[in-house]
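1. Got a predicted model here, sequence first, then my questions.
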Amino acid sequence: MSPAPRSFPLLVALRYLRSTRRDAFTSFLSAVAAGGIGLGVAALVLALAALAGMQRLLRAEILARTPALVLTLGLFYFVLNGLLLWGFSKLMPGYDVTGLGAGILGSLVIMVVNWVLSALFGRKKSD
């Protein structure tokens, strides 16, 4: 029975790892290269494991603060829209917003009307 066929890269690796005395430096370089590749792969595996752990930690920290972000950005959205409505009233004659409070209230009215209209006439979600 014939021996099992070996792959060409394995034959080349074995040739340079088990060489004669005059090719000892080539054997040494091959061993150092194989060790370096192994060390590099080990470092990559450890780095990916550490990053995966940090990813879970960051995701937990961000999701823990999401309600506060939504609340503060939502309130800022109303204030910004109120400022824009009030500022636009200064630029356009005949359009009057008496102050920032009225602008924020107008922003709230616009949001509610937009929500109602999109609920009534918005696009239907298709599968």
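-> Perfect, thanks for sending it. Quantities reported herein were computed from a predicted structural model and do not represent experimental measurements. Residues are numbered from 1 along each chain as shown.

2. use CA for all of it now, contacts and neighbours both
-> OK.

3. Which of the helices or strands spans the most centrally placed residue in the chain?
-> Closest to where the C-alpha atoms of the chain average out (CA atoms, centre = their mean) is Q55, at 9.5 Å. According to DSSP states H and E, Q55 maps onto helix 24-91.

4. Tell me which helix or strand comes right after that helix.
-> Using DSSP H and E, the next helix or strand after helix 24-91 towards the C-terminus is helix 100-121.

5. how about the CA coordinates for that next one, as PDB?
-> Taking Å, rounded to 0.1, in the frame of the first residue of the first chain, the C-alpha atoms of helix 100-121 are listed here in PDB:
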ATOM      1  CA  LEU A 100     -39.500  81.700  22.400                       C
ATOM      2  CA  GLY A 101     -42.400  80.100  24.400                       C
ATOM      3  CA  ALA A 102     -44.800  80.600  21.500                       C
ATOM      4  CA  GLY A 103     -42.200  79.200  19.100                       C
ATOM      5  CA  ILE A 104     -41.800  76.100  21.300                       C
ATOM      6  CA  LEU A 105     -45.600  75.700  21.500                       C
ATOM      7  CA  GLY A 106     -45.800  76.100  17.700                       C
ATOM      8  CA  SER A 107     -43.100  73.400  17.300                       C
ATOM      9  CA  LEU A 108     -45.200  71.100  19.500                       C
ATOM     10  CA  VAL A 109     -48.400  71.800  17.400                       C
ATOM     11  CA  ILE A 110     -46.500  71.200  14.200                       C
ATOM     12  CA  MET A 111     -45.200  67.800  15.600                       C
ATOM     13  CA  VAL A 112     -48.700  66.700  16.600                       C
ATOM     14  CA  VAL A 113     -50.200  67.700  13.300                       C
ATOM     15  CA  ASN A 114     -47.400  65.900  11.400                       C
ATOM     16  CA  TRP A 115     -47.900  62.800  13.600                       C
ATOM     17  CA  VAL A 116     -51.700  62.700  13.000                       C
ATOM     18  CA  LEU A 117     -51.300  63.300   9.200                       C
ATOM     19  CA  SER A 118     -48.700  60.600   8.900                       C
ATOM     20  CA  ALA A 119     -50.800  58.100  10.900                       C
ATOM     21  CA  LEU A 120     -53.800  58.800   8.600                       C
ATOM     22  CA  PHE A 121     -52.200  59.200   5.200                       C
END
